[in-house]
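K.L.:
could you look at this predicted model? Sequence included:
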Amino acid sequence: MKASYTTKEKLKSKKQIEQLFAEGSSISSFPLRLVYMSTTNEDNFPVKTGVSVSKKHFKKAVDRNRIKRLLREAYRLHKNAFFNNITTHYALMILYIGNDMPSFSQVEKAMLLLLKKFSDKNPQ
RNA sequence: UAAGUAAUUCGCCUUAUCGCUGAGUCUCAGGAAUCAGAGGAAAGUCCGGACACCAAAGUGCAACAUAGUGGCUAACGGCCACCAGUCAUAAGACUAGGAAAAGUGCAACAGAAAGUAUGUACAGGUCAUGCUGUAGUGAAAUCAGGUAAACUCUAUGUGGUGCAAUGCCAUGUAUACCAACGCUUGAGCGCGGCACGUGCGAUAGUUGGAGGGUAGGCAGCUAAAAAGUACUGGUAACAGUAUUUUCAGAUAAAUGAUAAGGGUCCUGAAAACUCGGGAUACAGAAUUCGGCUUAUAGAUUUGCUUUUUAA
């Protein structure tokens, strides 16, 4: 499977995002937090993922864009190791909860840990 | 050459690997290759337009904005030119540059007194009296003047809401519940605030509360007051003509990530070549244009001024 991350794979529905924040469970691996819940989407993409950075911590749009790009990149490169043979459908939202601009290696490390925690908790 | 002053232009590059968005093309309908893909400020949301809707959007008052003269422009609170004033040796910079004979208010120090004024000394004058002059304080002393980044007055301008506008399609629900008022003797709603006025409201509902549903797609959405070049007119802002080009269109929101190398600048060691270290800014389109304001590492070119030296 390709290490891609297209529009179809993103979590876009406003309704689902609202529901996710209201009802989803969360695990964290500083400076990241993952909010997730299982869904009943009939789709080719079982896992839909969104990414978010608080406006409180990063006032400049440039900084938020940069962090979101790093998060997306880290997710894109490592998701297949965990979700390749998944059968349950999930909606995920990855939040950056740190206060400082991270480097890519920091984000990558935290992402690996986070995804590992997630798959340990939700074995297929 | 140095210091200064006013402007101009640019604001990292290359390669590899892995990706994202859009367009048309091909396709075995999984995808594939090709092309395009942030800024000078995209920012602040401070002015002015385009465009859309609000019923036909009226009059007066209030409110707000602007303020030398002329011009430019779709328009402007913007820009250009000129005049005046202030500052600077100068280049140049700045100006909230209409009105004090409509009214109200305010004014340090000095001075007897600064506004319902008139003390002292000397001189003059009268029936009498600060009635008159001089001295003295001050910018100003029964003569009035200053101040409108004080109220005010004058002139001119401003209807409101913003692409979450607006139109269409799809999905879906509740013509239900509570309260108040009302059914032509009219509840209430619209016309930015108030008043007037006016429109809607006769198959009579309306307003408020609490609640239910949708929150997906398409259009608007990027070819335009567009950009480049040349010529012409104009002191200039700008305008005209010819010609070439098509230059983001996302929507939890693309335009990237990583690695290596190279530029540029600063700096240390060297002083023939180089070897280290550091820095590489401000900042991310969201209907769209013209401005203004603010942020910005480092470069770049040009005009001008002053001083010293050289010629």
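P.N.:
Perfect, thanks for sending it.
K.L.:
for residue A:59, see how far away the residue nearest the centre of chain A is.
P.N.:
The residue at the geometric middle of chain A, judged as the C-alpha nearest the mean C-alpha position with Cα atoms, centre = their mean, is residue A:94 (3.4 Å). Here the criterion is Cβ to Cβ, to the nearest Å. By it, residue A:94 lies 21 Å from residue A:59. (Glycine included, C-beta is placed from N, CA and C.)
K.L.:
same check on residue A:118?
P.N.:
Between residue A:118 and residue A:59 the computed distance is 30 Å (Cβ to Cβ).
K.L.:
and the two? Which one has more around it.
P.N.:
Just comparing residue A:118 and residue A:59: by other Cβ atoms under 10 Å the higher neighbour count belongs to residue A:118, 18 against 8.
K.L.:
tell me which element the more buried one is part of?
P.N.:
Under DSSP states H and E, the secondary-structure element containing residue A:118 is helix A:104-121.
K.L.:
averaged pLDDT, that helix. What do you get?
P.N.:
Per-residue confidence for helix A:104-121 averages out to 88 on the pLDDT scale.
K.L.:
and what of stretch A:65-84?
P.N.:
Taken as a whole, stretch A:65-84 has a mean pLDDT of 87.
K.L.:
and RNA strand B, is that stretch touching that?
P.N.:
Yes - with Cβ under 7 Å from any atom of the strand as the criterion, RNA strand B is reached by stretch A:65-84 at A:65-66, A:68-70, A:73, A:76-77.
K.L.:
which parts of chain A are helices?
P.N.:
Taking DSSP state H to define them, one finds helices in chain A at A:14-23, A:61-83, A:104-121.
K.L.:
right, so of those, which gets closest to residue A:36?
P.N.:
Comparing those against residue A:36 with Cβ to Cβ, the closest turns out to be helix A:104-121 (6.8 Å).
K.L.:
would you mind listing what in chain A touches RNA strand B?
P.N.:
Remark: the part of chain A in contact with RNA strand B comprises A:2-8, A:10-15, A:17-18, A:50-52, A:60-62, A:65-66, A:68-70, A:73, A:76-77, A:93, A:103-105, using Cβ under 7 Å from any atom of the strand.
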